[in-house]
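Undergrad: Let me see the structure of the following:
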Amino acid sequence: MNEEDIYKTIRESSPEVLFKDRKSKFFGYAFPICSEDDVKPIIESLRKKHHTANHVCYAWQLGEKTHSYRANDDGEPNNSAGMPIHGQIQSFDVTNVLIAVVRIFGGTKLGVGGLIQAYRATAQMALENAVIIEKTIESHFQLHFDYPEMDKVMRSIKQKGITIVSQQMELKCSLLISVRESEAAQTKQLFEEMQHVAIKTKG
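TA: As a prediction, this is how the structure comes out:
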């Protein structure tokens, strides 16, 4: 098994967790996300849910091989909230994930050290409560061939356990297939060697 085309993410949104420190309440959440566009609606829904909250701090990470991330302190002292949350994303080695921590102030200031500890602990609890799964990085190819080639193509797909994402079967046939990234080169070669079958990589 090739470890390089495996990444970890969370299966679904985690149950709410609660961390308390000197009457301040920190509610923690973990969400699976597909793009940066997913972040804003989730944060807005948390602001509505906790309308008395002083801060909704968060961090997200996206990407399977190369990662992009953002950390947001939402008015807390610089790097006292978003970065400790992101540190837990790194610690759990997950991606395509958003961790949000909602703080309701309890009247006692915690200081920067206390805040870092509280946001880190809440993010850790949220991830501990999430179901972490492994996924494989997939490569996609488009196959084009005439109907007479159908049996030959389908036999190879079945033998190799290749996933068909979508298909158009008419006089001219088109298949979108998906394979593990580690098997991409040999799959491409397999179909390139077939006469009357065109294969091209899809982004």
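Undergrad: Any chance of the backbone angles for the one residue sitting closest to the centre of the chain?
TA: Nearest residue to the geometric centre of the chain (Cα atoms, centre = their mean): N96, 1.9 Å. N96 adopts backbone torsions of phi 50, psi 50, taken as degrees, to the nearest 10.
Undergrad: hang on, it packs against Y69?
TA: No - using Cβ atoms under 8 Å, N96 is not in contact with Y69; the gap is 11.0 Å. Quick note: C-beta positions are derived from backbone N, CA and C, even for glycine.
Undergrad: for the closest residue to R22 other than its chain neighbours, helix, strand, or coil?
TA: Among residues not flanking R22 along the chain, T108 sits closest, at 4.2 Å (Cβ to Cβ, 6 or more residues apart in numbering). Using DSSP: H, G, I helix; E, B strand; the rest coil, the structure places T108 in coil.
Undergrad: Now the common contact residues for N96 and Y69.
TA: Listed as contacting both N96 and Y69 by Cβ atoms under 8 Å, 6 or more residues apart in numbering are Q61, L62.
Undergrad: Do a quick rundown of the helices in this structure.
TA: 39-49, 82-92, 111-128, 150-160, 184-192 (DSSP state H).
Undergrad: Among these, which comes closest to A30?
TA: A30 lies closest to helix 111-128 among those, at 4.4 Å (Cβ to Cβ).
Undergrad: Show me the one of the helices of the chain that comes nearest S24.
TA: Closest among the helices of the chain, once you apply Cβ to Cβ, is helix 111-128, at 7.0 Å.
Undergrad: Now do that closest one against helix 82-92, angle only.
TA: Computed by axes from the mean of the first three to the mean of the last three Cα atoms, to 10 degrees, the angle separating helix 111-128 from helix 82-92 equals 40 degrees.
Undergrad: what helices or strands is helix 111-128 leaning on?
TA: Under the contact definition 3 or more Cβ pairs under 8 Å, 6 or more residues apart in numbering; DSSP states H and E, helix 111-128 sits against strand 17-21, strand 24-32, helix 82-92, strand 97-104.
Undergrad: just those: most buried one?
TA: strand 97-104 (a mean of 25; mean count of other Cβ atoms under 10 Å).
Undergrad: about what we covered before: give me the nearest residue to the residue nearest to the centre of the chain, chain neighbours excluded.
TA: For N96, the spatially nearest residue (Cβ to Cβ, 6+ apart) is T9, at 4.6 Å.
Undergrad: I figured the one you found hits T136, correct?
TA: No - at 11.4 Å, T9 and T136 do not qualify as touching, with contact defined as Cβ under 8 Å.
Undergrad: mind listing what the residue of the chain positioned farthest from its centre touches?
TA: The C-alpha centroid of the chain is most remote from P148, which lies 40.5 Å away (Cα atoms, centre = their mean). Taking Cβ under 8 Å, 6+ apart, we find P148 in contact with H196.
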